[in-house]
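Colleague: model this:
(chains A and B)
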Amino acid sequence: MAELNTGDGGGGKGGKVRSKKQNSKVDLTAMVDLAFLLITFFMLTTSLSKPQAMDLSLPDKDPKTDEVPTKVDENRTMTVMLGADNKITYYMGLLATPKVGPKDIAYGKDGIRKELLTQKKAVLAYSTALGKPKNGIIVIIKPTKKSNYRNLVDILDEMAISGVETYAIVPEFSPEETKLIDKK
Amino acid sequence: MAKIKMKKKSTSTDMTAMCDVAFLLLTFFILTATAKVPEALPVDMPSSVAQSKLPDTDLAIITIGKGADGKSKVFFDLKGREIRKKTLEGMGAKYGVTFSEDDKTKFALMDDFGVPLTNLKQIIDMKAADRTKANQPGIPIDSLDNQLKDWLLVSRRASIDLDDKELKIAIKGDAKEQYPQIKKIMDILQDQKINSFNLVTGTRGKDF
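Modeller: Modelled structure (predicted):
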């Protein structure tokens, strides 16, 4: 225990003066309680206060004019349009001749993620059949003017969760696509 | 009958060692903790499963959110004292506003701000508690008066001059902010050939 040595240093020349023995033990329970409370507080607040960061790389804005735009197999593309009120409309392939969709779907585990994983598998099977198993799905994300920042981060997050490596954010809409969204 | 005397055991345990450890840890956590300062523009960040943390230095944060008056505002924050000083110097030279040495020191210790450069001096002169209440109007980002572009340009240059490092840019947007507003910021970044940046998000629960 924390004991303080309070013995008098060899005094007592004449008569024996006996100093009263004091209980030098201090009760530390309350102090320890307080210390642990504070430790808990600081531990929890320090680790949680640092925000997460999501990396986002965009393609060059003005590409070189002499570059020929790469043609992509439409069977591999999935277009995801982020609409108002947290809604997603998606289709596979070209809008004129879609392989799947256009369908409305919700965010989250049972909505877009399920679909993404299904389509990813389908595209992979298709590419493997063609002898190019490295060609995965290409997701084109089209955020409308009515979508908000949360929608964008959510869909980028879904890409990270479902392991889609190729995706692009393209805020351009064909007239047909605009019609499709405005219909809602 | 012989009385069996129970040996009296002391109920108090020795807590000195425990106390020592507790206070050692406490000191450690207090010293490592960074004091959370109230933000000038509080935003509700969307959450994601991203695991990487934001760096502490060489970072510029652009905050986009709605102020108390319901308008969309853009705030700017730089991490690192030296780079802040140098950036303020550069901006002052560019816009013809002179800042004293005292202003620069104060600016280096400040956090995010959202005022046109001409009003920055007033914000610098305020007390920290008043800055959050000052209802700052945001940094102009119109095509006529795009000060955010200049802030970015000057701070990036300062970062290269000081540490020979490219400044990292992070966008911290409010979850409810409309996409065109975010797009505007991304366009400003892309105009300067910044094609890779961070989005600041919160942490999502495990079972998402």
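
Colleague: next up, the contacts around the closest residue to B:Pro116 other than its chain neighbours.
Modeller: Once flanking residues are discounted, B:Pro116 sits nearest to B:Pro140: 5.6 Å by Cβ to Cβ, 6 or more residues apart in numbering or on different chains. For glycine as for every other residue, the C-beta is placed from the backbone atoms N, C-alpha and C. Residues in contact with B:Pro140 (Cβ atoms under 8 Å, 6 or more residues apart in numbering or on different chains) are B:116, B:146-148.

Colleague: and those, which are buried?
Modeller: Neighbour-count burial (16 or more other Cβ atoms under 10 Å in any protein chain shown) applied to the contacts of B:Pro140 gives B:147-148.

Colleague: quick test: name the residue nearest the centre of chain A.
Modeller: A:Asp157 (5.3 Å; Cα atoms, centre = their mean).

Colleague: can you confirm A:Met81 is in a strand?
Modeller: Yes: counting by DSSP: H, G, I helix; E, B strand; the rest coil, one finds A:Met81 located in a strand.

Colleague: so which elements touch whichever helix in chain A runs longest?
Modeller: Longest among the helix segments of chain A by residue count, using DSSP state H, is helix A:29-49. Packing partners of helix A:29-49 (3 or more Cβ pairs under 8 Å, 6 or more residues apart in numbering or on different chains; DSSP states H and E): helix B:16-32.

Colleague: and B:Ile139, which of the three is it?
Modeller: Following three-state DSSP, we place B:Ile139 in the coil state.

Colleague: model confidence for it, exactly?
Modeller: Predicted confidence (pLDDT) for B:Ile139: 81.

Colleague: repeat for A:Glu172
Modeller: A:Glu172 carries a pLDDT value of 77.

Colleague: check contacts around it.
Modeller: A:Glu172 neighbours (Cβ under 8 Å, 6+ apart): A:Lys142.

Colleague: mind listing the helices for chain A?
Modeller: Using DSSP H, the helices assigned to chain A run over residues A:29-49, A:114-129, A:149-162, A:175-182.

Colleague: please convert these to a markdown table, extending it with distance to B:Asp44 and mean pLDDT.
Modeller: A markdown table is the format used below for these (distance: least, Cβ to Cβ, whole Å; pLDDT from 0 to 100):
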| stretch | distance to B:Asp44 | mean pLDDT |
| --- | --- | --- |
| helix A:29-49 | 16 | 80 |
| helix A:114-129 | 26 | 81 |
| helix A:149-162 | 9 | 83 |
| helix A:175-182 | 26 | 75 |
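
Colleague: which of those is buried the deepest?
Modeller: Looking across the helices of chain A with neighbours counted as mean count of other Cβ atoms under 10 Å in any protein chain shown, the highest average goes to helix A:149-162: a mean of 21.

Colleague: report whether that one contacts chain B.
Modeller: Yes: using Cβ under 8 Å from any Cβ of the partner chain, helix A:149-162 reaches chain B at A:149-154, A:156-157, A:160-161.

Colleague: where in chain B is pLDDT low?
Modeller: Residue ranges of chain B with pLDDT under 70: B:1-2, B:34-38, B:205-208.

Colleague: strands of that one, start to end?
Modeller: Counting by DSSP state E, chain B has strands at residues B:47-48, B:59-66, B:72-79, B:168-173, B:196-203.

Colleague: got CSV for the ones you listed, with distance to A:Ser174 too?
Modeller: Output for these, formatted as CSV (distance: least, Cβ to Cβ, whole Å):
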stretch, distance to A:Ser174
strand B:47-48, 30
strand B:59-66, 28
strand B:72-79, 28
strand B:168-173, 27
strand B:196-203, 27
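
Colleague: want to try a markdown table for those, with distance to chain A as columns?
Modeller: Shown next, in a markdown table, are these (distance: least, Cβ to the nearest Cβ, whole Å):
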| stretch | distance to chain A |
| --- | --- |
| strand B:47-48 | 4 |
| strand B:59-66 | 8 |
| strand B:72-79 | 11 |
| strand B:168-173 | 4 |
| strand B:196-203 | 4 |
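
Colleague: all set, thanks.
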